[in-house]
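Asks: Kindly generate the corresponding structure for this input.
(chains A and B)
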Amino acid sequence: MDDLQAVATLQDPVRRALYDFVAAQGREVGRNEAAEAAGVQRTLAAFHLDKLVEAELLEAGFKRLGGRSGPGGGRPAKVYRRARAERVVSVPPRDYNTLALVLAAVVEAVGGEERAEAAAREVGARTAGGGSLEDALRERGYEPYRDEAGVLRLRNCPFHVLSEEHPLLVCSMNLALCEGLLAGLGEQGTVARTDPIPGECCVAFSE
Amino acid sequence: MLTVMHLAQLNIGHMRAPKESPELKEFVEALAPINALADAAPGFVWRLKGGEEPDATVKHEYGDHLLINFSVWESREPLWNYMYRTEHLAVLQRRREWFVRSAEATSVMWWIPEGVIPTLEEGMARLALLRAEGPGPRAFTFKEFYESSEAASLPAAAEPRK
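Replies: A predicted model of the protein is given here:
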């Protein structure tokens, strides 16, 4: 299945709701839980969840959900989580990734990290808009959520491929971008800091 | 039986001032927690310690103000996650405050058989090899990484096969 076909499976509103719910949990989700969240029957949810697995947008596994293991723990249930692979569709075709990788390599080669961070801070401030911090982060694809301690964390790294290739540069630029965003929004009591969790964005916000 | 391979990494940094100086104070304060983080990290195997104190740095004869980190990991991913997906990243991001920028490579990796404790001399030779010949199976970097199947623990001094 190519990227366009995979993304097109999200056209169905039930699938879209299921996908959004599973992605937002950041963990494995069972069929019952997903069905309840999407407001559909369990069998219908199961059908659509498996379609999303076929499209490689979700990954499926088996897990005992009751918290008990060994004999008497019950049959393992099918669980779903968001697939790590990216799907990109652009019409007409565009490729900003290759150029961004080249530019990142150039910044490192000339030792321009501090300039790059300053530029990122500026862009963050200039494009902040006038809404709330969480809305601004959501619009940019960071998928913000509050952890148990009330810290605002970011489930998704919008620069994932770049950050794997050039982690120091990209994560520093991302922090600067977030700091610029705070400045642009006039959020004075909030601080952006580097506090990475594997699989998520490396920036967290605390008051 | 197939030998399990582990990944050795050496990195060096020229400090802007002596370790005891006020300029390096915050870096030295970060050493104990960051070392503890490495020791507890998944996939961590070994690191060269400068002493029993949690903030001891490696003692060596490669010049003043040179800070050396030398460690062994089960594979690429745990080392990458430790370096870039823990609090260690925040320390790395401040490196320019404490370390002089180098035009040459300051970090090198290579594969070793499980159970082997590499020497600092070998590590420095691998870094010299990387600087002289660029990344290859015997001395490489995250950006140009070589799998253990391609490397097979070749001695650093061996002639490259043409």
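Asks: beta partners for B:Leu7?
Replies: For B:Leu7, the beta-bridge partners under DSSP bridges are B:Trp73, B:Trp111.
Asks: list the contacts for it?
Replies: By Cβ atoms under 8 Å, 6 or more residues apart in numbering or on different chains, the contact list for B:Leu7 reads B:72-76, B:79, B:109-112, B:148. Every residue, glycine included, has its C-beta placed from N, CA and C.
Asks: quick one: it from B:Leu48, how far?
Replies: For B:Leu7, the distance to B:Leu48 equals 15 Å [Cβ to Cβ, to the nearest Å].
Asks: quick one on the thing from earlier: between the contacts of B:Leu7, which has the most around it?
Replies: B:Trp110 (28 neighbours; other Cβ atoms under 10 Å in any protein chain shown).
Asks: Tell me, how many residues neighbour the nearest residue to that residue once chain neighbours are set aside?
Replies: Leaving aside its chain neighbours, B:Trp110 sits nearest to B:Arg126 (5.2 Å; criterion: Cβ to Cβ, 6 or more residues apart in numbering or on different chains). B:Arg126 has 21 neighbours, counted by other Cβ under 10 Å.
Asks: so B:Arg126 makes contact with B:Arg138?
Replies: Yes - the pair B:Arg126 / B:Arg138 is scored as a contact, 7.0 Å apart, by Cβ atoms under 8 Å.
Asks: so where's chain B uncertain?
Replies: Counting by pLDDT under 70, chain B contains low-confidence residues at B:1, B:152-162.
Asks: Alongside chain A, which residues does it contribute?
Replies: Counting by Cβ under 8 Å from any Cβ of the partner chain, the residues of chain B close to chain A are B:80-81, B:83-87, B:89-90, B:92-93, B:96, B:101, B:143.
Asks: Present the residues you listed as CSV; the columns should include neighbour count and secondary structure.
Replies: Shown next, in CSV, are the residues of chain B next to chain A (neighbours: other Cβ atoms under 10 Å in any protein chain shown; DSSP: H, G, I helix; E, B strand; the rest coil):
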residue, neighbour count, secondary structure
B:Trp80, 17, helix
B:Asn81, 18, helix
B:Met83, 21, helix
B:Tyr84, 20, helix
B:Arg85, 19, coil
B:Thr86, 20, coil
B:Glu87, 15, coil
B:Leu89, 20, helix
B:Ala90, 17, helix
B:Leu92, 16, helix
B:Gln93, 18, helix
B:Arg96, 12, helix
B:Arg101, 11, coil
B:Lys143, 10, coil
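Asks: farthest pair in those?
Replies: Using Cβ to Cβ, the residues of chain B next to chain A span at most 25.4 Å, a distance reached by B:Asn81 and B:Arg101.
Asks: Do I have it right that A:Glu114 meets B:Arg96?
Replies: Yes - under the contact definition of Cβ under 8 Å, A:Glu114 touches B:Arg96, with a separation of 7.4 Å.
Asks: could you say what helices and strands the helix or strand containing A:Glu59 packs with?
Replies: In the assignment (DSSP states H and E), A:Glu59 maps to strand A:58-63. In this structure, strand A:58-63 makes packing contacts with helix A:42-54, strand A:77-82, judged by 3 or more Cβ pairs under 8 Å, 6 or more residues apart in numbering or on different chains; DSSP states H and E.
Asks: And those: which comes nearest chain B?
Replies: Taking Cβ to the nearest Cβ, strand A:77-82 is the member of the helices and strands packed on strand A:58-63 nearest to chain B, at 18.0 Å.
Asks: what is the rounded mean pLDDT of that closest one?
Replies: Strand A:77-82 shows an average pLDDT of 95 in the prediction.
Asks: Pull up the pairing partners for that strand, direction included.
Replies: strand A:29-30 (antiparallel), strand A:58-63 (antiparallel).
Asks: Any idea how many residues pack against B:Ser71?
Replies: Neighbour count of B:Ser71, defined by other Cβ under 10 Å: 21.
Asks: Longest helix in chain B, by number of residues?
Replies: Identified as the longest helix of chain B according to DSSP state H is helix B:25-40.
Asks: What helices and strands are in contact with that helix?
Replies: If you count contacts as 3+ Cβ pairs under 8 Å, 6+ apart, helix B:25-40 packs onto strand B:44-47, helix B:88-93, helix B:95-98.
Asks: Which residues does that helix contact?
Replies: For helix B:25-40, contacts defined as Cβ under 8 Å, 6+ apart pick out B:15, B:19, B:44, B:47, B:54-55, B:57, B:71, B:82, B:86-88, B:91, B:94, B:97-98.
Asks: Nearest to chain A among those?
Replies: Ranked by distance to chain A (Cβ to the nearest Cβ), the contacts of helix B:25-40 are led by B:Thr86 at 6.3 Å.
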